[in-house]
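[1] Curious how this folds, go ahead:
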Amino acid sequence: MRPARFQEFTLDVLPKAPEIQTVNVWDGRAFGLHLTFNTGSQLWIGSTAQAAPGEQGDQAETPVHGDTPAEVPYPDLYEGGKITPARAEDYLAAALTNSHNDEIASVYPYGSEAKNPGLGVRFHSGARIFMLFEIAGRPGQSADGQKYSLPPTF
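    Reported below is the predicted structural model:
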């Protein structure tokens, strides 16, 4: 799945997760999302991609379908009423896993060993999407914060 189509997919599927209030395009960021959780906390995510082997960007995309990942329970998003980057990774990975999209082979949170929090999506085509958490904020904050310097809770 190419980035533009993946972004449209996430704009449709992520708001269906129980703790996500809204998902919008992050203005000024190619393939960026702005999520607002039910608490008002916010997360700005930038996505990049790796094409399927042999795929050329100037050719029409050929989706590859396969088994959908097994549904997983949504993990607890909150720790003491706040969201942590690690909990957001796990929660969003569950939301994408539970989308029942037959192009998705797997979704994984980056985890504590990664330099920056985020998650990855592997597709049956061999393509991948990398979703990096760039900015996080409490209710009412703007995206003016320093990228990749997330607070421990938001």
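[2] And the lengthiest helix in the chain, how far out from the chain middle?
    If you go by DSSP state H, the chain has its longest helix at helix 85-97. What separates the centre of helix 85-97 from the centre of its chain is 8 Å, taken as Cα atoms, centre = their mean, to the nearest Å.
[3] Pull the residues that contact it.
    10, 13-14, 16-17, 19-20, 43, 69-79, 104, 106-112, 117-119, 121, 131, 133, 136, 150, 152 (Cβ atoms under 8 Å, 6 or more residues apart in numbering). For every residue, glycine as well, the C-beta is placed using N, CA and C.
[4] Just the mean pLDDT for it, thanks.
    The pLDDT scores in helix 85-97 average 98.
[5] Output it in PDB with nothing but the alpha carbons.
    The C-alpha trace of helix 85-97 is given here as PDB (Å, rounded to 0.1, in the frame of the first residue of the first chain):
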ATOM      1  CA  PRO A  85       4.500   7.200  23.900                       C
ATOM      2  CA  ALA A  86       4.800   3.400  24.500                       C
ATOM      3  CA  ARG A  87       1.100   3.000  25.300                       C
ATOM      4  CA  ALA A  88       0.200   5.000  22.200                       C
ATOM      5  CA  GLU A  89       2.400   2.700  20.100                       C
ATOM      6  CA  ASP A  90       0.700  -0.400  21.400                       C
ATOM      7  CA  TYR A  91      -2.800   1.100  21.100                       C
ATOM      8  CA  LEU A  92      -2.400   2.300  17.600                       C
ATOM      9  CA  ALA A  93      -0.800  -1.000  16.600                       C
ATOM     10  CA  ALA A  94      -3.900  -2.800  17.900                       C
ATOM     11  CA  ALA A  95      -6.200  -0.300  16.000                       C
ATOM     12  CA  LEU A  96      -4.500  -1.000  12.700                       C
ATOM     13  CA  THR A  97      -4.300  -4.800  13.400                       C
END
